[in-house]
Every structure is written in C-alpha cells, then in structure tokens.
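In: give me coordinates for this.
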Amino acid sequence: MEKEETADRMAELAVAVNQARFYIYSSVLVGMLLISVLWQRIFIQVADGHHAVLYDLLRGGTVTERVYSEGLHLIWPWNRLISYETRLQQRTIKFSVLSEEGLELGITVTIRYTLDTANLGYLHRDIGIDYFDRLVKPDVEGHLRHTFGG
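Out: Residues are numbered from 1 along each chain as shown. Below is the predicted model of the structure:
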C-alpha cells in the first residue's frame, strides 16, 4: 500500500513538473517573440553628432531632465526617443526686405547655429522638432528687416 502511494505521488510530481516545464517554455517562447517583434522599439541607436529626448507616454510626456547622448539605449516600447542633430549646422535663406527708401532688396543670409544640449528637452517640449522654421528663421528675418529698414 505504501509503495502504491509513493508511486502515485511520484506520478503526480512528474505531471506537475511537466506542466511547470510547459509553462516555463511557453513563457520563454512568448517573451522571445515579443522581444523580436518590439526589437526596434526597445533598442534605440542615437547617431553620432546627435542627442535625443525621451517622450515618456506613461509619466507625463517629454522628459526635460535627461538628454540621451549618442550610442545604444534601452527604452520601454511605448516610449519614443526623438533625435536632434547637435553639431554646428548651417542654413542659407533668401528673402527680400524693403530699405528705408522703399527699395526692395534681395538678401541671402547664411545662418550658423548649434543646439544647447542641456536645454534640448525644453526645446522639444515648448517648440518642437521644426524649431528652425518656428524660432530661428523668423527671428533672423525680423532682425534683418529692422536693420535694413532703419
């Protein structure tokens, strides 16, 4: 009788071990599938000459306290890293201004600028990725129109 109980316990233990093994293997397989599908959303590379700002979906939006430097970074798949080029940049713009005498002058201006990486999170939150067209270009145009007009 005791041998039968021991055999029954061993059989139950073997079934429990097989079930546990099935659940462990299934969990590992599902985890590997999720990582392979979300690979490009989890492992983010910031290119050289760039810095990135994290948009954290669950914690209130743009993270202004931390700026990600170039290299490989791990983030949660529901978050995004927005990359900005932080090297010295140069753009040429053409526009026309009126002189004090009322003559229309065609002006070509080359603007050199670089981003302050310490304030990159605030730039992204307050102005956005098209900061040049929203902030730099109108400011330069306004200053030049004032200078040539006066």
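
In: what kind of secondary structure is the residue most central in space within the chain in?
Out: Centroid-nearest residue in the chain: residue 81, 1.1 Å away (criterion: C-alpha atoms, centre = their mean). Under the three-state scheme (DSSP: H, G, I helix; E, B strand; the rest coil), residue 81 adopts strand.

In: how distant is whichever strand or helix holds residue 40 from the center of its chain?
Out: Per DSSP states H and E: residue 40 is located in helix 2-42. The chain centre lies 37 Å from the centre of helix 2-42; the measure is C-alpha atoms, centre = their mean, to the nearest Å.

In: for the residue nearest to the centre of the chain, which non-adjacent residue is closest in space?
Out: residue 52 (4.2 Å; C-beta to C-beta, 6 or more residues apart in numbering). In short, each C-beta sits where N, CA and C put it, glycine included.

In: ok, that neighbour - contacts?
Out: Neighbour list for residue 52: 44, 46, 67, 68, 73, 81, 82, 83, 84 [criterion: C-beta atoms under 8 Å, 6 or more residues apart in numbering].

In: run the last query once more with 6 Å
Out: 46, 68, 81, 83 (C-beta atoms under 6 Å, 6 or more residues apart in numbering).

In: export these to a markdown table and tack on distance to residue 13?
Out: Listed next are those as a markdown table, based on distance: C-beta to C-beta, whole Å:
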| residue | distance to residue 13 |
| --- | --- |
| 46 | 51 |
| 68 | 50 |
| 81 | 49 |
| 83 | 54 |
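
In: now which of those would you call buried?
Out: 46, 68, 81, 83 (16 or more other C-beta atoms under 10 Å).
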